[in-house]
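1. Kindly return the folded structure for what I paste below:
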Amino acid sequence: MAQILDAAAEVFAGSGYENATTNAIAAAAGVSPGSLYQFFPNKEAIAQALAARFVSQMGEAHQGAFADADWAAMTLDEMLDRVVDPIVAFNAANPGFKALFARADMPAGLTEAARPIQAALLGRVETMIAALAPGLPPDGRTRAAVVGIQIFKAMLPLVLAAEGPERAAMTAELKRVLRGYLGSLGSPG
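-> A predicted model of the protein is given here:
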């Protein structure tokens, strides 16, 4: 099953979810379509299983970025390094993740699979922002967390499209944009 899911991630990343077929996934996995159907009845079931794996792995990446962080003792740059780098690394290592979760028309099952990790991420970013801007009221923290996450999501395709030293440079630009936004939260106005 892991071999099929690895192949599905490659096919979804290369062709997009809508254009991917079970035959293409079977071929990429080096198995017959009949063998694939012994494990998964259709493309949607493969996507569900792959989504569950990605959600688990993304949860681990978030845990590594946010767990046991003493945000109050960190500078904004330290915060950004701690959070941005592992999440960019996860996305770079898992291009099939974007093919499943970055779609405007994401199927309900995938939306449900992603909901707990998105809620946890929002809460973790709110906690970080509370340390950064302690005077910001709770609704302001939530709003700032949503905006910060959307900035990250908007720039992530640019970062991932770059390779080698250019990816590092684009990651630095992402951090600069986040630094500008997040750094202004403690300022009046």
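
2. Show me the contact partners of stretch 55-75.
-> Applying CB atoms under 8 Å, 6 or more residues apart in numbering, the contact partners of stretch 55-75 are 79, 82-83, 86-87, 89-90, 94, 97, 113-114, 116-117, 120-121, 124, 127-128, 130-132. No exception for glycine: its C-beta is placed from N, CA and C like everyone else's.

3. hmm, which of those are the buried ones?
-> Among those, the ones that count as buried by 16 or more other CB atoms under 10 Å are 79, 82-83, 86-87, 90, 94, 97, 113-114, 117, 121, 124, 128, 130, 132.

4. Which one of those residues is nearest to residue 12?
-> Using CB to CB, residue 97 comes nearest to residue 12 of those, at 8.9 Å.

5. Look at that closest one and report its pLDDT.
-> The model reports residue 97 with a pLDDT of 76.

6. quick one: what helix or strand has it in it?
-> In this assignment (DSSP states H and E), residue 97 forms part of helix 95-101.

7. Take the contacts of stretch 55-75 and keep only those in helices.
-> Among the contacts of stretch 55-75, the members falling in helices (DSSP state H) are 79, 82-83, 86-87, 89-90, 97, 113-114, 116-117, 120-121, 124, 127-128, 130-132.

8. low-scoring stretches of this protein, by residue?
-> The model of the chain has pLDDT under 70 over residues 102-109, 187-189.

9. redo that, cut-off 90
-> 1, 12-19, 44, 47-68, 90-91, 93-121, 186-189 (pLDDT under 90).

10. So which residues of it form helices?
-> 2-15, 22-29, 33-39, 43-66, 76-93, 95-101, 108-132, 138-161, 165-183.

11. Quick one: list the elements packing against the third one.
-> When you say that, I think you mean helix 33-39. Helix 33-39 sits against helix 22-29, with contacts defined as 3 or more CB pairs under 8 Å, 6 or more residues apart in numbering; DSSP states H and E.

12. elements contacting the helix it packs on?
-> With contacts taken as 3+ CB pairs under 8 Å, 6+ apart, helix 22-29 sits against helix 2-15, helix 33-39, helix 43-66.

13. Using JSON lines, lay out the ones you listed together with distance to residue 171.
-> Shown next, in JSON lines, are the helices and strands packed on helix 22-29 (distance: least, CB to CB, whole Å):
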{"stretch": "helix 2-15", "distance to residue 171": "20"}
{"stretch": "helix 33-39", "distance to residue 171": "37"}
{"stretch": "helix 43-66", "distance to residue 171": "14"}
